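In: Build me a model:
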Amino acid sequence: MKKIKNITKLSLLAVVISISSCSDFLNVNKDPNRVTGDNVTPDLIFTQAENAVGRRQATRFVFLNNWMGYWGRSGTFIVEQEETTYKIANTFPENNWDQAYDFLMDLNQVKIKALAANDSVLAGASMVLSVKLWQETVDMFGAVPYSKAFDVTNPTPKYDKAADIYADLLVQLDKAVSYLHKTPSSIFANTDIIFGRGGSAANAIEMWNKMANTIRLRILLRQSKLLTSIPTAEIAKITANGGCLGVGEDVSVNPGYSNQTYKQNPFYESFGLTPSGAAASTNNTPNNYFVKIILGSTDPRLTQFFQSPIAGTDYGAQNGNKTPNGAVIVGSGMGPGLLQSASSDQFILPAFESLFFQAEATARGWLPGGDAAAQSLFNSAIAESFRWLNVPDAANAAATYETSVNTANWANSGTSVSDKAKFIAFQKYISMCGIDAVEAWSDLRRGVLVLPSGYISNNPTAAASLPNVLTYPQSEFTTNSSNIPTPTRSTTTIFTEKLFWQP
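Out: Take a look at the predicted model:
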């Protein structure tokens, strides 16, 4: 794991300190600007960690956007064989794994330092973000180092079972909520660049509680096929704590993005325009599957997801990302609904995602109101997607869409819980394009998302389905091989091994 590198650095530092201790005793000069463990306060770590979580949401899951049929490669680059065949080796997930643990370590430090400084609210907020990242990491890899992940005395932490981690994440949310009900520090609202940004600390804390409730509901829904009864106790906690994120209550971060080098909104920086006006990327384009089969010409979000005129690509087409006669397929780029501007907020969890969670939970009978309430939440989720993407005349456009498109008209949602869950998941899939491909992949694996054929890569050697899990990174085989679960995961077993919540 990456923390081993940090431990090595600390060991070398200790040697240097011991050798120079005599001379240091006589050295009374101290640099007040030097970064140390004492002067890096939890609020400083938290602010950069919030921004890092937003950057991760924006940039780390390109491969999943491709896998889920949202995006395609332009054909002007070499075909990425592992990505387009799904036969991924141990180097494929390296950056994703390292980045997740880097950010989780930062958030863990925030919790430790904040609790030591009696700043419980800051600790609670950091724990909510941590739970979000932990769940997503488990959803990609299954068993991972968790309980001993940040024990600096143990450079080879054990792997915890995915089900055990999920269970503990609910416990961690309990603790986070209890901390969030304490008195905040005087600087909390200014420190928090997700919900605070100089506003009311009370409002920021209310939103952190709603985010905690939303993540709790996501954890429960992921396990819906395992549950034999309504998770009454957990749902009661959500209700008692103010419910989930609602209309207009987006989770986003903004430390002060601007149209300057290294200061742009992360999604815009990666897929929009550089400060000089050049295209930031020419390799990520619309996938014809999503453009033609899913959106068609009747969904006004088409030109918000992608630039006009739409020129999609067939992801992994024959002979790579090229047409049979060898001509390069050139597609348009990301649209104004996703890009917005270089200074806009970076999305983390839009309100419509939470509303889709609530719609499914209500359809399952977990939340009150029955079918009418499920329909209302479902329609609100679609309307929020239109609003979030800045569709012109969004409210009326969404209302028209909900009555005129069969897959959005609640009258077609069926009568069984299973049918309604699938109906909701399909519209959630559409809304998640470019925003949360991990959620879409998870819905596919838990059996509630049923997609029309065509999203599987056309690479001639591609597997017939998407993997259930990612391979473990090579760094783990190098530094922590004795703890990697057996049998060792391979380019073939990732299609047969299942996460504990999969049917």
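
In: contacting residues around T183?
Out: Taking C-beta atoms under 8 Å, 6 or more residues apart in numbering as the contact definition, T183 lies against 120-121. The C-beta positions use only the backbone N, C-alpha and C, and glycine is treated the same way.

In: For it, give its distance to G124.
Out: In this structure, T183 and G124 are 12 Å apart, going by C-beta to C-beta, to the nearest Å.

In: ditto for T313
Out: Distance, T313 to G124, using C-beta to C-beta: 44 Å.

In: One more: L338?
Out: Applying C-beta to C-beta to L338 and G124 gives a distance of 31 Å.

In: those strands in the stretch 1-150 of the chain, which residues are they?
Out: For the stretch 1-150 of the chain, applying DSSP state E, counting those that start in this stretch gives strands covering 71-73, 144-145.

In: Show me what the shortest one is packed against.
Out: Secondary-structure packing of strand 144-145 (3 or more C-beta pairs under 8 Å, 6 or more residues apart in numbering; DSSP states H and E): strand 159-160.

In: related to what we said a few turns ago, now render the strands of the stretch 1-150 of the chain as a markdown table, adding mean pLDDT.
Out: Written out in a markdown table, the entries for these read as follows (pLDDT from 0 to 100):
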| stretch | mean pLDDT |
| --- | --- |
| strand 71-73 | 88 |
| strand 144-145 | 98 |
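
In: so which of the ones you listed is the most packed in?
Out: Most buried of the strands of the stretch 1-150 of the chain by mean neighbour count (mean count of other C-beta atoms under 10 Å) is strand 71-73; its value is a mean of 28.

In: I'd like to know which elements that strand is packed against.
Out: The elements that strand 71-73 packs onto, with contact taken as 3+ C-beta pairs under 8 Å, 6+ apart, are helix 62-67, strand 284-286.

In: quick revisit: which stretch among the strands of the stretch 1-150 of the chain approaches Y472 most closely?
Out: Comparing the strands of the stretch 1-150 of the chain by their distance to Y472 (C-beta to C-beta), the top pick is strand 144-145, with 8.6 Å.

In: isn't S490 right next to T471, touching?
Out: Yes. With contacts defined as C-beta atoms under 8 Å, S490 counts as touching T471 at a distance of 7.2 Å.

In: Give me the more crowded residue out of the two.
Out: Of the pair S490 and T471, T471 is the one with more neighbours under other C-beta atoms under 10 Å, namely 25 against 15.

In: give me the element that one is part of.
Out: Taking DSSP states H and E as the criterion, T471 maps to no regular element, lying outside all helices and strands.

In: Report the secondary structure state of the residue nearest to P452 when sequence neighbours are not counted.
Out: When the adjacent residues along the chain are set aside, P452 lies closest to I293, with 5.5 Å between them (C-beta to C-beta, 6 or more residues apart in numbering). Following DSSP: H, G, I helix; E, B strand; the rest coil, I293 is assigned to helix.

In: ok, I293 to G69 distance?
Out: Computed as C-beta to C-beta, the I293 to G69 distance reads 8 Å.

In: who's in contact with G414?
Out: For G414, the contacting residues are 420, 422-423, taking C-beta under 8 Å, 6+ apart as the criterion.

In: measure it to I435 for me?
Out: Using C-beta to C-beta, G414 is found at 26 Å from I435.

In: before we move on, what about N406?
Out: Distance from N406 to I435, by C-beta to C-beta: 24 Å.

In: quick one on the thing from earlier: looking at L338 and G124, which is more packed in?
Out: The neighbour count for L338 versus G124, taken as other C-beta under 10 Å, is higher for G124 (26 against 23).

In: And that one, how close does it get to S413?
Out: G124 is 37 Å from S413, where distance means C-beta to C-beta.

In: hang on, the earlier thing: between the strands of the stretch 1-150 of the chain, which one is closest to D345.
Out: With C-beta to C-beta as the measure, strand 71-73 is the member of the strands of the stretch 1-150 of the chain nearest D345 (21.8 Å).

In: Quick check: can you name the pairing partners of the closest one and their directions?
Out: Using DSSP bridges, the strands paired with strand 71-73 in its sheet are strand 284-286 (antiparallel).

In: Which residues does the strand it pairs with contact?
Out: Defining contact as C-beta under 8 Å, 6+ apart, one finds that strand 284-286 is touched by 62, 65, 71-74, 271, 305-306, 310-313, 330-334.

In: how about 7 Å then?
Out: 62, 71-72, 74, 271, 306, 310, 312-313, 331-333 (C-beta atoms under 7 Å, 6 or more residues apart in numbering).

In: Could you list the low-confidence segments of this protein?
Out: Screening the chain residue by residue with the criterion pLDDT under 70, one finds the ranges 1-38, 314-331.

In: So which residue is smack in the middle of it?
Out: Most central in the chain under C-alpha atoms, centre = their mean is Q57, positioned 4.9 Å from the mean C-alpha point.

In: Wait, that one touches L349, no?
Out: No. Q57 is beyond contact range of L349, at 8.1 Å (criterion: C-beta atoms under 7 Å).

In: wait, doesn't A162 sit right on F500?
Out: Yes. Between A162 and F500 there is a contact under C-beta under 7 Å: 5.1 Å.

In: between the two, which one's more packed in?
Out: Using other C-beta under 10 Å as the criterion, A162 and F500 rank with A162 on top: 22 against 16.

In: got the contact list for that one?
Out: Contact partners of A162, counting by C-beta under 7 Å, 6+ apart, are 138, 142-143, 499-500.

In: again, 10 Å this time
Out: Shown in contact with A162 (C-beta atoms under 10 Å, 6 or more residues apart in numbering): 135, 137-139, 141-144, 146, 469, 485, 499-501.
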